[in-house]
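Participant: Below is the sequence, then the predicted model.
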Amino acid sequence: QVQLVESGGGSAQAGGSLRLSCKVSGRTFSTDFTGWFRQAPGKEREFVAAVRWTSSVPYYADSVKGRFTISSDNGKDTVYLQMNSLKPEDTAIYYCAASTRFFTNDRPVPYWGQGAQVIVSS
């Protein structure tokens, strides 16, 4: 059974950094692509970044390119999202997501974490 458990997040000032972690239990080919979405109050959930375990190739939304870095640690079954140069508009609940298929929207995603709050103040 696949389980995604996020940790990290919290509050930061604009320009600061935070790191999210997503521990993947029961990892199989069905979680080959693992990554992050976020949802701000009153807005739709949006894709942030994803990585493929087998190749470590990362994918990013344009809004976070150059500021966020996604990485995977096969030994720890954990995906990380390092968030630098944070902006107030990065404030959202961040969800870990996993799928056997590549994703930039939530339709192909069957597995979700519980969410981690990120608040960026100006």
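Facilitator: The structure has been received and is ready for your questions. Numbering: from 1, shown residues only.

Participant: only C-alpha atoms for contact and neighbour calcs from this point on.
Facilitator: OK.

Participant: Okay, strands next: where are they in this structure?
Facilitator: Assigned by DSSP state E, the chain shows strands spanning 3-8, 10-13, 18-25, 33-39, 46-52, 58-60, 68-73, 78-83, 92-99, 111-112, 116-121.

Participant: who's in contact with R27?
Facilitator: Neighbouring residues of R27 by CA atoms under 8 Å, 6 or more residues apart in numbering: V2, D77.

Participant: contact partners of stretch 6-21?
Facilitator: Here stretch 6-21 has contacts from 22-23, 78-88, 95-96, 113-122, using CA under 8 Å, 6+ apart.

Participant: any low-confidence regions in the chain?
Facilitator: 29 (pLDDT under 70).

Participant: Centre of it to the edge, which residue is at the far end?
Facilitator: S122 (22.4 Å; CA atoms, centre = their mean).
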